[in-house]
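Next input, structure requested:
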Amino acid sequence: MAESQTRPAGIDGSTLPGPYGVGRYAAGLRDFLRERPRVQLFGEVWNLRLSRAKVYLELRDADGALPCSMWRDDFDALALGESALADGAQVVIAGGLDYYAGSRTSSPSFTFAVSGLRIAGEGDLLAQLDRLRKTLDAEGLFAAQKRLRRPALPRTIGVVTGEGGKARDDVLAGLRRRGWQGRLVWAFAPVQDRHAAPRITAALQDLAATGAVDVIVVARGGGSLADLFCFCDETLCRTVALLGVPVIASVGHHTDRTLIDDVAALSCSTPTHAAESAVPVHCAEARAEAVAVARRLSVHARRALLHRAQALARLSRAPGEHVAVQRRRLHQRMREIRAAGRRRIEHERGRSGRKALVLDRKARASAGDARGATRLSALAMALAAHDPDRTLERGFALVTDRAGEVVTSAQAARRAGDVRLRFGDAAVDATITDADDRA
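Numbers count the residues shown, from 1 in each chain. Here you go, the predicted model:
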């Protein structure tokens, strides 16, 4: 009765029954869905979320998807382990349709109430992802970006992220923490849905084509594997691998691993970490250290300048001191030379006196021996007059026998027979023949 009083008029011209109160209709829909047959379904798990009361997931295959939920107590009773159920796993579930009608202050929700669950293995999508990962690795695309040199202090950083996402603020926070004051180039693109991968690929190509970007950060916050699957796109990963600019990937959290993490030059767990990795040098600390080093250098410079001035002062005095020392040494040497000269003159004077005395004595002795020399000369002339050789030179001959005895008579010559005649210039042999014998 109260409902009829508050029911508004229907739509003019409509033949449909009603209008009914939405709560009444929602309750009827709930009852209708709960009466549907309870069945078993299989598919791949996506968007898995665990709360204290329930476990939420989506069951998907190539033809469709269904939101599912399971009470947490029933899920824990399965004792599957922490990592057994994850996005991409293929499961079999049992249960039926359920509907929460909602109220003035809460939203309605449709779900497949799961009463039983069994893990059937790895889903097709994860298997395809694993095959693609092995293919890219075999082609060497995982190593291409890692060979690029990342600058320690880039001048321009490109960032590919969602325009309204929290990752943008995290990147800015990381760069502020580094004290970096370079140029930041944003390339906004969707980071979730089927249109995301081509847009992200185009954004990366545009940033690399500018030629001014030193490093590119691809950032997105956490999410399920389904939310992050656009970062496993083959075209996107091949584009990243072939870029000439280093790419730092920060997609999801440290437990998430997409293909772009494998092909990028560096993979980081958070956008903040990615921004800090893009600028390895802490600029504020480097500036403070540079100031400290400059101060130390200034102190050392002043000390070095003072030391050099003192050294130069010592060196400027050194020539005068050296000249003075050499002057004193020369004066001492001159005094020694003069004294030595005087001593030498005195010595030579004494020697000269002694020589003069000896010569005088010899001169007097020579005058006394002049008469003796004349007498010796006369005796030498007399002796030369009696020299046999002089006689032979005047035409005489000296006769000797073969024994060398002088033959002084003809009779002795006849006896000898063979004699030797010695003249002034030479000697000849001769045979003595008597005149009577010739007759």
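
any low-confidence regions in the stretch 1-150 of the chain?
By pLDDT under 70, the weakly predicted segments of the stretch 1-150 of the chain are 1-5, 81-83, 121-127.

Sketch out the strands for it, chain order is fine.
39-50, 54-61, 64-71, 89-100, 109-122 (DSSP state E, counting those that start in this stretch).

Now do the SS call for residue 421.
Under DSSP: H, G, I helix; E, B strand; the rest coil, the three-state class of residue 421 is strand.

I'd guessed it sits against residue 406; true?
No. With contacts counted by Cβ atoms under 8 Å, residue 421 stays clear of residue 406, the gap being 11.9 Å. Heads up, the C-betas are built off the backbone N, CA and C, glycines and all.

Quick check: neighbours shared by those two?
Taking Cβ atoms under 8 Å, 6 or more residues apart in numbering as the contact rule, residue 421 and residue 406 both touch 398-399.

Could you check which of the two has the larger neighbour count?
residue 421 (14 against 10; other Cβ atoms under 10 Å).

Now do the same contact list for residue 145.
Counting by Cβ under 8 Å, 6+ apart, residue 145 touches 240-241, 243, 246-247, 263-265.

Would you mind writing the ChimeraX command to select the buried ones in the residues you listed?
To isolate the buried subset of these in ChimeraX, counting by 16 or more other Cβ atoms under 10 Å, use the following:
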select :240,241,243,246,247,263,264,265
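
Can you give the distance of whichever strand or helix holds residue 312 from its chain's centre?
In this assignment (DSSP states H and E), residue 312 forms part of helix 283-368. Computed by Cα atoms, centre = their mean, to the nearest Å, the chain-centroid distance of helix 283-368 equals 53 Å.

do the same with stretch 51-65
Per Cα atoms, centre = their mean, the centroid offset for stretch 51-65 relative to its chain is 53 Å.

Quick check: end-to-end length of stretch 171-185?
12 Å (Cα to Cα, to the nearest Å).

mind listing what's buried in that stretch?
Neighbour-count burial for stretch 171-185 flags 171, 174-175, 178, 180 (criterion: 16+ other Cβ under 10 Å).

Any chance of the strands of the stretch 1-150 of the chain in TSV with mean neighbour count and distance to residue 432 as columns?
As requested, those are exported to TSV (neighbours: other Cβ atoms under 10 Å; distance: least, Cβ to Cβ, whole Å):
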stretch	mean neighbour count	distance to residue 432
strand 39-50	16	164
strand 54-61	19	168
strand 64-71	16	172
strand 89-100	18	162
strand 109-122	16	157
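
And the average pLDDT for the helix holding residue 312 is what?
Model confidence over helix 283-368, given as mean pLDDT, is 84.

Pipe the buried residues of stretch 171-185 into JSON lines and attach secondary structure and pLDDT per row.
Output for those, formatted as JSON lines (DSSP: H, G, I helix; E, B strand; the rest coil; pLDDT from 0 to 100):
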{"residue": "171", "secondary structure": "helix", "pLDDT": "92"}
{"residue": "174", "secondary structure": "helix", "pLDDT": "91"}
{"residue": "175", "secondary structure": "helix", "pLDDT": "90"}
{"residue": "178", "secondary structure": "helix", "pLDDT": "88"}
{"residue": "180", "secondary structure": "coil", "pLDDT": "90"}
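
Between those, which sits nearest residue 104?
residue 171 (41.0 Å; Cβ to Cβ).

my guess is that closest one meets residue 273, correct?
No. Taking contacts as Cβ under 8 Å, residue 171 lies outside contact range of residue 273: 10.1 Å.
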